[in-house]
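**Student:** Sequence below, structure please.
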Amino acid sequence: MEKVKSLYRKYRHGIPLVSYMVIYLVWFAWLEERNQKGYQVIHVSVDDYIPFCELFVIPYFLWFLYVAAIVLFLFFRNKQECYRSCIFLFTGMTIFLVISTLWPNGHHLRLTEMPRDNILTQAVAFLWKTDTPTNLWPSIHVYNSLGAHFAIVHSAELKGKKGLKIASCILAVSIILSTMFIKQHSVFDVVTGLALGAVMYVLVYRKEIILAGKTQRNMKKRISM
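**Tutor:** Next up, the predicted model:
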């Protein structure tokens with residue numbers, strides 16, 4: 001019994017993480033069912049110039065392992081950094097859910113017929129069959145890829161791991177590109193996902209920028225007085 005209590009004290013920070021994921025998955029499943037009809041179509045002219053490339057389905061699927069791996073790594077190695085990473089990820093995911101609830105959205109970018117028949121196009125077809133072209137804005141694939149990379153860059157345990165950080169950056173960029181090349185997202189979803197990620201990066205990882213701005217404004221007020 002004492003061992004159970006010890007494990008609980010050591011890993012109880014996982015309770016809010018698991019609780020949030022249950023809420024997120026239930027909410028998202030409801031949206032997938034509800035928003036299949038009557039949604040606002042997202043489309044920008046640049047979408048029409050992006051070719052379909054099934055090779056990008058590989059980094060697209062790697063996203064699931066990428067994000068889960070960094071969260072689990074921080075969960076077991078650094079509780080505070082795990083909280084910080086989850087604040088970043090869960091805030092964006094919640095904003096996404098609220099937007100999809102209040103403003104149902106989707107796209108018409110998917111191909112009616114695959115240009116080739118191979119294992120990669122079959123994987124894309126499987127993805128399209130299981131994931132509806134709705135609830136897209138902003139792209140969580142884009143946003144959480146940024147979140148996973150930021151967590152790696154700022155991890156004290158991974159300090160000095162330059163090769164890992166470069167590999168993470170390459171994977172994150174590949175995942176972001178994949179959302180457009182396999183017609184999962186519009187450029188609009190990607191750009192807004194990047195913008196949201198940039199804002200949250202400042203709020204979560206670079207608070208000193210905000211504090212420095214406040215200090216500078218206070219100093220100007222004092223000088224003017």
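
**Student:** any idea where the helices of this protein begin and end?
**Tutor:** 2-11, 14-34, 57-77, 79-102, 119-130, 140-154, 162-181, 187-205, 207-224 (DSSP state H).

**Student:** need the ones you listed in JSON lines with mean neighbour count, can you?
**Tutor:** No exception for glycine: its C-beta is placed from N, CA and C like everyone else's. Below are the helices of the chain laid out as JSON lines (neighbours: other CB atoms under 10 Å):
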{"stretch": "helix 2-11", "mean neighbour count": "9"}
{"stretch": "helix 14-34", "mean neighbour count": "13"}
{"stretch": "helix 57-77", "mean neighbour count": "17"}
{"stretch": "helix 79-102", "mean neighbour count": "18"}
{"stretch": "helix 119-130", "mean neighbour count": "14"}
{"stretch": "helix 140-154", "mean neighbour count": "24"}
{"stretch": "helix 162-181", "mean neighbour count": "17"}
{"stretch": "helix 187-205", "mean neighbour count": "18"}
{"stretch": "helix 207-224", "mean neighbour count": "10"}
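
**Student:** Redo those as JSON lines? Include mean pLDDT and distance to Val41.
**Tutor:** Converted to JSON lines, the helices of the chain look like this (pLDDT from 0 to 100; distance: least, CB to CB, whole Å):
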{"stretch": "helix 2-11", "mean pLDDT": "68", "distance to Val41": "44"}
{"stretch": "helix 14-34", "mean pLDDT": "93", "distance to Val41": "16"}
{"stretch": "helix 57-77", "mean pLDDT": "96", "distance to Val41": "22"}
{"stretch": "helix 79-102", "mean pLDDT": "96", "distance to Val41": "14"}
{"stretch": "helix 119-130", "mean pLDDT": "97", "distance to Val41": "17"}
{"stretch": "helix 140-154", "mean pLDDT": "97", "distance to Val41": "19"}
{"stretch": "helix 162-181", "mean pLDDT": "97", "distance to Val41": "16"}
{"stretch": "helix 187-205", "mean pLDDT": "96", "distance to Val41": "11"}
{"stretch": "helix 207-224", "mean pLDDT": "50", "distance to Val41": "37"}
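
**Student:** Please identify which of these is closest to Asp48.
**Tutor:** Closest approach to Asp48 among the helices of the chain (CB to CB): helix 187-205, 10.0 Å.

**Student:** hang on, the earlier thing: would you format the helices of the chain as TSV with distance to Ile42 included?
**Tutor:** Putting the helices of the chain into TSV (distance: least, CB to CB, whole Å) gives the following:
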stretch	distance to Ile42
helix 2-11	40
helix 14-34	15
helix 57-77	18
helix 79-102	11
helix 119-130	17
helix 140-154	14
helix 162-181	12
helix 187-205	5
helix 207-224	31
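
**Student:** So which of these is nearest Leu109?
**Tutor:** Evaluated over those, closeness to Leu109 peaks at helix 162-181, with 8.7 Å, by CB to CB.

**Student:** Start and end of stretch 127-145, how far apart?
**Tutor:** This stretch, stretch 127-145, spans 19 Å end to end (CA to CA, to the nearest Å).

**Student:** Distance from the chain centre to that stretch, please.
**Tutor:** Between the centre of stretch 127-145 and the centre of its chain there are 10 Å (CA atoms, centre = their mean, to the nearest Å).

**Student:** same check, this time on stretch 138-152
**Tutor:** With CA atoms, centre = their mean as the basis, stretch 138-152 stands 4 Å off its chain's centre.

**Student:** Check stretch 189-209 too.
**Tutor:** Centre-to-centre, stretch 189-209 and its host chain are 11 Å apart (CA atoms, centre = their mean).
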